Structure formats: structure tokens, C-alpha cells
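Asks: got a predicted structure plus its sequence, pasted below:
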Amino acid sequence: MDMSTIDWANLTFGYMKTDYNVRSYYKDGKWSTPQETTSEEITMHMASTCLHYGQEAFEGLKAFRGKDGKVRIFRLHENAIRMQSSSHGILMAVLPVEIFKEAVIKAVKLNDRFIPPYGSGASLYIRPLLIGISPQVGVKPSKEYLFVVFVTPVGPYFKEGFKPTPVAIYRQYDRAAPLGTGTIKIGGNYAASLVAGDMAHKAGYSAVLYLDAKEKKYLDECGPANFFGIKDNTYITPKSTSILPSITNESLMRLAEDMGMKVERRQILEEELSTFEEAGQVGTAAVISPILRVDDVEEDKSYIISKDGKAGPISTKLYNKLKGIQLGDEPDTHGWITIVE
Ligand SMILES: *Cc1c(COP(=O)(O)O)cnc(C)c1O
């Protein structure tokens, strides 16, 4: 591939073939040493549990090239731990943290030429994937597993600047049940969110904001991102048993505290939306995607968050701070960065 033809700043959030991916297999109670391959294909048995019974979990994290030329991976350890929690949730073999880290670092290093230059706004997206690959016809967990890490360069999330977008509440859909699998990062939750997500996109919304599935009163999270609101110098994010614990959200809570703000994780009634000065969706892809307005579509209610159509000052400050740490422009005071040597 001729790298000089890549327009880094205009890459989308899509798949681009890179040079290598890294794999480790679990068999007879042991994980193999992570090994690179150039193949983009996986050969597996047609009765593999990942294909029938959804034994599949994934992660999403990023690596950035700094002004100093160094490559930084953001919160590698926390992603490794979260994948373990996903394994426990759907009875998959638990991948040792060290193997997760080794495979990710190897995949990043081997694809160094795909790590976008500093200043392009682009980054290297890292996708670890864990699947059950032994055949079962009865509903039982797999005996064998495959862990794969591939990477792909992705463009800046905000091509037209850091601008708020509207989100929708659709009461006839739930993403995850209160005591279900919402707290783990598995494909099944995404399958459950596709119909409502498609409806939202077609209607001009950037995402669905789900309410709690049981009472339909409290804010839960967006399809692939957590929710936060800001008022009275307080960062408020929902507490629920069906939310995926976003590592970006946890990082922003720490930064908000560093800035002298109060942080609350508690139930948020839908009606409280009318009191927020700012609100946003948070996740690895965008860090923060500010919310313009929330429409409760079936109830014909609308909550305006951004009165001037611009991102609020606190969201902007939090966003710049976190991006600065990721790029190495700001000191890594919390130990969130792994430098790839
Ligand atoms: C991955 C994910 C997020 C964001 O988590 P980050 O660790 O911040 O990337 C939020 N919600 C859901 C449902 C997710 O799967």
C-alpha cells in the first residue's frame, strides 16, 4: 500500500486493511502466545458457539501519535479488565490481562505505518475480539476460544467541528434488560440496538437515548455511548444496572473532579433533562459528542439542551483536556497512557 495516498484527516470510521492482526487461541485450558498473521479471514467450525449462541465480546480503544513522535495507547489496562468482565458475563474463557496487553501492543507496533500523524486529528482504532469457536449444538459454552486484535486508522470524529447533535428517545425499544447483559461489551447488545438506531439515523438523530427498561422513567445510555449532563458545576451520569461502564466516562469524571466540579452517579429522571446546561454522549469514538436536544418522540416532548447550538464551555474544556492527555500534549497525571516502545 502506498501510504502517501492516505488522506488521514478525511478517513471515516471504517475498516482499512492493515499489515497484520494478532491472535491467541485458548485450548485445553491454555492460551497460546499472541502470534501475528497477515490473513484477514477466520476459519472456524460452522457450529461454533459465537455464531449460534452469541459467545462474542469485544473492546474498542485507540492509539495516538504525539508531537514527540511517541505512540500512546489510552487506558489499555482498563480495557483488558473490561474484557474479562465480559467473559464472566457470558461464560467464556477469561483472557489474562498480560496476553491482552501483549497482543494489543504487538498489533500497534506491527502496523506502525498506519498510525496517523500528529495533527491530523486521526488515530489508530484498536479492536480486540473474543469468540467461542468450538462446536456445540446444545446451549453450552464453547471449550475453545479465539482472541484477535486488529487495528484500523480512523479519521477525526468531528469533521465540521465540535458540534451538538439531536438524540431521540423511542419508548417501544429497549437495548438491555435491568439484570441482563447491558453491563458487558458483547455483540448481542448491539444487535438489539440496530433497529432503533437505524430509525434514529433516518430521522436525523445521531443516536437513541434509552430509558431504563423496567420503569421507562430514568435515563440509561445511548446505543454505543454513555450519557452525562452538566448543571451547577456538577457532572451527572446515570446509575443503572444495564449501562456499559464507559472508560471515557470514568476518565471524564476524574477530570471533572480535578477541575473542582462535583460528580454524581445517580438515577436521572427523564424530566431532569430540562434542567441541564450541557449534556453529551461519551465513548472512545468521539470522546464527547455534545447533545443539542432530546426528543421523546412518542410522547411528543422535546428538551432543548444547547440554546445557541454550540458545545457548552464545560464539555469543551473536558474534551480538550482528555484529547490533550491522549496526544501527550497534557501530562498523564492519572497513569492512563501506555507508551509503545
Ligand atoms: C463501548 C461502549 C461505550 C463506550 O465505552 P468507552 O470505554 O468509553 O469506549 C458505551 N456504551 C456501550 C453500550 C458500549 O458498548
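Replies: Yes, it's here.

Asks: what parts of the protein come near the ligand?
Replies: 60, 185, 189, 221, 224-226, 244, 246-249, 283-284 (CB under 6 Å from any ligand atom). Glycine gets a C-beta too; all of them are placed from N, C-alpha and C.

Asks: most neighbours, which of the residues you listed?
Replies: Neighbour counts for those, by other CB atoms under 10 Å, peak at residue 221, which reaches 28 neighbours.

Asks: now do the same contact list for the residue nearest to that one when sequence neighbours are not counted.
Replies: Closest residue to residue 221 apart from its sequence neighbours, by CB to CB, 6 or more residues apart in numbering: residue 243 at 4.7 Å. Contacts for residue 243 (CB atoms under 8 Å, 6 or more residues apart in numbering) come out as 182-183, 220-221, 226.

Asks: of the residues of the chain next to the ligand, which one scores lowest on pLDDT?
Replies: Comparing pLDDT over the residues of the chain next to the ligand, residue 224 scores lowest. The value there is 94.

Asks: my read: that one touches residue 282, true?
Replies: No - counting by CB atoms under 8 Å, residue 224 stays clear of residue 282, with 10.4 Å between them.

Asks: inside helices: which ones of the residues of the chain next to the ligand?
Replies: 189, 247-249 (DSSP state H).

Asks: dump these into JSON lines; add distance to residue 29 as well.
Replies: Shown next, in JSON lines, are those (distance: CB to CB, whole Å):
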{"residue": "189", "distance to residue 29": "29"}
{"residue": "247", "distance to residue 29": "29"}
{"residue": "248", "distance to residue 29": "34"}
{"residue": "249", "distance to residue 29": "35"}
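
Asks: so which of the residues you listed is the closest to residue 95?
Replies: Distance to residue 95 across these (CB to CB) is lowest for residue 247, with 16.9 Å.

Asks: surely the closest one meets residue 79?
Replies: Yes - using CB under 8 Å, residue 247 makes contact with residue 79 at a distance of 6.6 Å.

Asks: what touches both of these two?
Replies: In contact with both residue 247 and residue 79: residue 61, using CB under 8 Å, 6+ apart.

Asks: which strand residues bridge the closest residue to residue 212 other than its chain neighbours?
Replies: Closest residue in space to residue 212, ignoring its immediate chain neighbours: residue 218 at 4.4 Å, by CB to CB, 6+ apart. Taking DSSP bridges as the rule, residue 218 bridges to residue 269.

Asks: since we're on residue 218, how many residues are nearby?
Replies: Residue 218, neighbours per other CB under 10 Å, totals 17.

Asks: now swap in residue 69 and tell me
Replies: Residues lying near residue 69 (other CB under 10 Å) number 9.

Asks: how far away is it from residue 341?
Replies: 12 Å (CB to CB, to the nearest Å).

Asks: cool, residue 270 as well?
Replies: Distance from residue 270 to residue 341, by CB to CB: 48 Å.

Asks: of these two, which one has the most company?
Replies: Between residue 270 and residue 341, counted using other CB under 10 Å, the more crowded position is residue 270 (19 against 7).

Asks: doesn't residue 215 make contact with that one?
Replies: No - assessed by CB under 8 Å, residue 270 is found out of contact with residue 215, at 10.3 Å.

Asks: of the ones in helices among the residues of the chain next to the ligand, which is the nearest to residue 105?
Replies: Using CB to CB, these come closest to residue 105 at residue 247, 17.6 Å.

Asks: now do the same contact list for that closest one.
Replies: Residue 247 sits next to 61, 75, 78-79, 82, 284 when contact means CB under 8 Å, 6+ apart.
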